[in-house]
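K.L.:
predicted coordinates and the sequence they were generated for:
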Amino acid sequence: MRRVVWLVLAGLCVFAIVAFVMIQFMPQPVKPFDYMIAGSVATIAALLVVFLGVATRDKSSNIFFKRRKK
């Protein structure tokens, strides 16, 4: 349970940081489309962090492939 909370907090922090940085570096005036682009990139970055956190959870098992019994 603690790991899930840390993954959610990490995803939220990454989302907020990426969105803030993108909006700060966009040329003024900022239009609604610019906010959509910043939110989309921030969402991709946050999902990547959560995916990597889940994918590296257990180093002993392979989460992408399972061996079939013969």
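P.N.:
Right, received. Where do you want to start? Numbers count the residues shown, from 1 in each chain.
K.L.:
CA only for contacts and neighbour counts going forward, please
P.N.:
Noted.
K.L.:
in the protein, which segments are predicted with low confidence?
P.N.:
By pLDDT under 70, the weakly predicted segments of the chain are 58-64.
K.L.:
one more time with 90
P.N.:
For the chain, applying pLDDT under 90 flags the ranges 1-8, 26-28, 30-32, 34, 51-70.
K.L.:
closest to the centroid, which residue in it?
P.N.:
Most central in the chain under CA atoms, centre = their mean is Ala46, positioned 1.6 Å from the mean C-alpha point.
K.L.:
that one and Val54: what is the separation?
P.N.:
To Val54, Ala46 is 12 Å away according to CA to CA, to the nearest Å.
K.L.:
again with Phe20
P.N.:
Here the criterion is CA to CA. By it, Phe20 lies 25 Å from Val54.
K.L.:
name the SS class of the nearest residue to the residue nearest to the centre of the chain once chain neighbours are set aside, please.
P.N.:
Distances taken as CA to CA, 6 or more residues apart in numbering put Gly11 closest to Ala46, at 4.6 Å, once the chain neighbours are dropped. Assigned with DSSP: H, G, I helix; E, B strand; the rest coil, Gly11 falls in the helix class.
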